[in-house]
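Peer 1: Build me a structure from this.
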Amino acid sequence: MSRAREFGAEGAGASAARGRGFLKGVPWTATALLFMAHFVVDSHVSFLSPLLPLLREKFQLSLGAVGMLVYLLSMSNALAQPLTAVVVDRWPRLPWLVVGVVGSSVCLTAVGWLPSYAAVAVVLPAGGALAGLCHPDMGSRAGALSESRRGIIVSIFVTGGRLGFALGPLMAIAVAEWWGMEWLWVYVIVSVALVAAMRWGLPVPKARAGGGGSLGLGGLGAALRKAGAPLLILMGVTFSRAAVNVNFQGFLPTLYVDQGLSLWEGGAANAILLLFGGAGVMLGGVLSGRFQTRSLIAAGIGAAFLATCAFFVAPPWLGYFVLAVMGTGLYLPMGVGVALAQDLLPGHRGFASSLMLGATWFLASLTVLPITELAERVGLLRAFWVLPLFLLAGFFLALRLPKDRP
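Peer 2: Just a heads-up that it's a prediction; the model follows:
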């Protein structure tokens, strides 16, 4: 695909393909590259979770100190997204994605060989921020590839990240078990190869009207006021899901290891949650043209609520099956939620995706510290019983989302 192709123009034949199948008219080369970019970036972020038991043993850490690492990574990754989205939307042609992919790769693989807890605590937020820099750029590109196929393209893009989160822990465990976790740096080679492919295969982003020099915050403010209550409700729904996600994703391997199971079994639990999460994102994209967005979001959160409660009372072996249902429900609203946010902020797609994938996740990361503090007193499994309350609130908020326009 020529790099001269500008964003905003639909792929050849997209208009003629409307109504003849939800996969027709999708620009597959660019979509696949954004899928892979999201996979690689989020797999970097997921390396920490399975390494926590090893880092805990290596540095003799308390559960609170481990929780601080989870918080630092989640916070920096999420907070960077809305902050960088403003400049990414304003100057889309600068190489944000290249810097973010390679920089996050270097920083987050360094966790495996750094010699002290303090060094890990410094490099994690740097890597998280660089990974966060990628998301507004990737989200904006995905949303602009095709107006008529935005729902399915954004869902494919989001699925790449879910699969990265799912398989990243297994890749980290494999490296740690076979060679030692200090060899995680080899993954940087994958990032460099991806950057070369993106430079060849992604369209050039369309320059914003008016040129550079101003962030255009007035226009963003007006767009936010126009989006109004529906956007706030959507952010509340996303926060409720993210609070459950951040805590489960960060502590599932630790939870399984604390119950006497192996690191591989804990990593497998994380992989199941996120693999089925990826399936949930795609399912939401496929169903997005057939059902109301708010109905899909409410159904997913309702299923996740029931599965989360069931997980806490199920034995570990049955927990794997429950996690599959939980992952599907938790992530089914994700792609359609991002697409809905971009519909509410059509002139600020990067910022819209950063609200859903960044700002709300930053707020959700704040729940990690009090929950791990509670876990120090009552145990991790008992402390997690507060998480279904977030989903219950999210379910009722989802019912207040506006109906889709025809």
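
Peer 1: Quick check: which ranges of the stretch 201-350 of the chain have low pLDDT?
Peer 2: Regions of the stretch 201-350 of the chain meeting the criterion pLDDT under 70 cover residues 204-218, 350.

Peer 1: and what of the stretch 51-200 of the chain?
Peer 2: In the stretch 51-200 of the chain, residues with pLDDT under 70: 89, 92, 143-151.

Peer 1: where exactly do the helices run in it?
Peer 2: Assigned by DSSP state H, counting those that start in this stretch, the stretch 51-200 of the chain shows helices spanning 63-90, 96-109, 117-144, 150-178, 187-201.

Peer 1: Now do the contacts for D258.
Peer 2: L380 (C-beta atoms under 8 Å, 6 or more residues apart in numbering). C-beta here means a position set from N, CA and C on the backbone, and glycine is covered the same way.

Peer 1: on that earlier part again, now the helices of the stretch 51-200 of the chain in a markdown table, with mean neighbour count?
Peer 2: Converted to a markdown table, these look like this (neighbours: other C-beta atoms under 10 Å):
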| stretch | mean neighbour count |
| --- | --- |
| helix 63-90 | 23 |
| helix 96-109 | 22 |
| helix 117-144 | 24 |
| helix 150-178 | 24 |
| helix 187-201 | 16 |
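
Peer 1: Looking at these, which is nearest to L369?
Peer 2: helix 63-90 (5.5 Å; C-beta to C-beta).

Peer 1: Between helix 117-144 and the closest one, find me the angle.
Peer 2: Interaxial angle, helix 63-90 versus helix 117-144 (axes from the mean of the first three to the mean of the last three C-alpha atoms, to 10 degrees): 40 degrees.

Peer 1: roughly how far is helix 63-90 from the heart of the chain?
Peer 2: Offset of helix 63-90 from its chain centre (C-alpha atoms, centre = their mean, to the nearest Å): 11 Å.

Peer 1: by contact count, what packs against it?
Peer 2: helix 48-59, helix 117-144, helix 217-258, helix 349-354, helix 360-365, helix 368-378 (3 or more C-beta pairs under 8 Å, 6 or more residues apart in numbering; DSSP states H and E).

Peer 1: Using CSV, please lay out the helices of the stretch 51-200 of the chain together with distance to A375.
Peer 2: Below are those laid out as CSV (distance: least, C-beta to C-beta, whole Å):
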stretch, distance to A375
helix 63-90, 6
helix 96-109, 25
helix 117-144, 19
helix 150-178, 20
helix 187-201, 30
